[in-house]
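*Asks:* Give me coordinates for this.
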Amino acid sequence: MTEGTGTLSVKDLHVSVAGKEILKGISLTVKKGELVAVMGPNGSGKSTLAYALAGHPRYTVTKGSATLDGKDLLPLTPDARARTGLFLGFQYPVEVSGVSLSKFLWTAYTQRHVAEEIDIDAYQSRLDGNMSQLGVDSGFLKRSLNEGFSGGEKKRIEVLQMSTLEPSFAILDEPDSGLDIDAVRVVGETIHRQRRADLGILVITHYQRILKYINPDRVYVIVDGVVAKEGGRELAEELEVKGYDWVKSSGS
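*Replies:* The predicted structure follows:
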């Protein structure tokens with residue numbers, strides 16, 4: 001195995017938005033088969049990390065590196081990054097009127113696997129199985145993407161996209177945002193069921209409540225644009241009790 005294969009690696013990443021530096025030297029790794037959590041207070045840079053890795057044009061990388069399977073992500077356009085196997089689940093999924101969920105999934109899947117011969121029957125079987133596992137009714141396939149969906153439905157559709165498109169690495173930006181307790185449990189359990197040896201998952205969240213369902217292998221805490229602490233599942237539980245001020249005062 002060559003260096004970097006099977007790993008999403010971020011080293012000393014500095015990112016600015018409209019000339020203001022938000023990330024000030026982030027380093028972290030996610031290996032295939034791992035589920036890693038990134039926690040932090042509002043404004044700490046968690047979503048900036050997600051959008052910078054996905055290639056959003058408003059987020060300017062001024063220093064550092066980001067590689068996927070040893071390939072440099074930073075020169076690639078957002079669609080090229082997606083084709084390499086990077087998936088981003090949005091904190092606030094957008095509504096796309098006039099584009100059905102079925103059409104969106106098929107188009108995205110064919111672009112992800114553009115160099116392969118696609119077995120349509122196998123794709124449909126996989127999609128049906130994923131929808132059944134996630135509790136998504138087949139009627140959603142005919143509806144415009146996210147239009148009129150509840151918060152919980154939108155988040156489940158994001159996970160459906162992840163499971164159907166078969167990325168190598170998935171970044172889920174606050175999949176628990178805006179959800180009630182029951183919906184957090186459902187979304188958390190569905191994310192946990194997606195774990196597999198050929199997929200690395202990075203979950204971004206404020207709270208530890210979803211983490212009890214997804215059981216992360218590692219937790220990074222970002223404060224003021226840097227990784228302030230790194231640890232296991234117990235770190236998230238400690239944060240729940242002591243809060244982010246404890247991290248700021250204790251350092252790394």
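*Asks:* what is the rounded mean pLDDT of stretch 176-186?
*Replies:* Averaging the model's pLDDT scores along stretch 176-186 yields 85.
*Asks:* Residues in contact with that stretch: which ones?
*Replies:* 91-92, 135, 151-152, 155-156, 187-188, 205-207, 209-210, 213 (CB atoms under 8 Å, 6 or more residues apart in numbering). Quick note: C-beta positions are derived from backbone N, CA and C, even for glycine.
*Asks:* Could you identify the most distant pair in those residues?
*Replies:* Maximum pairwise distance in the contacts of stretch 176-186, criterion CB to CB, is 25.0 Å, between 135 and 206.
*Asks:* Compare the two and say which one has the larger neighbour count.
*Replies:* Neighbour tally, residue 135 and residue 206, criterion other CB atoms under 10 Å: the higher count belongs to residue 206, 17 against 11.
*Asks:* Touching, the more buried one and residue 221? I think so.
*Replies:* No: contact criterion CB atoms under 8 Å: residue 206 and residue 221 do not qualify, at 11.1 Å.
*Asks:* looking just at contacts, which helices and strands does the worst-scoring helix or strand of the chain on mean pLDDT meet?
*Replies:* Lowest by mean pLDDT, DSSP states H and E among the helices and strands of the chain is helix 244-250, with a mean of 79. Helix 244-250 is packed against strand 218-223, strand 226-231, helix 233-242, with contacts defined by 3 or more CB pairs under 8 Å, 6 or more residues apart in numbering; DSSP states H and E.
*Asks:* in the chain, what spans have low per-residue confidence?
*Replies:* 1-4, 250-252 (pLDDT under 70).
*Asks:* 50 instead?
*Replies:* For the chain, the stretches with pLDDT under 50 are 1-2, 252.
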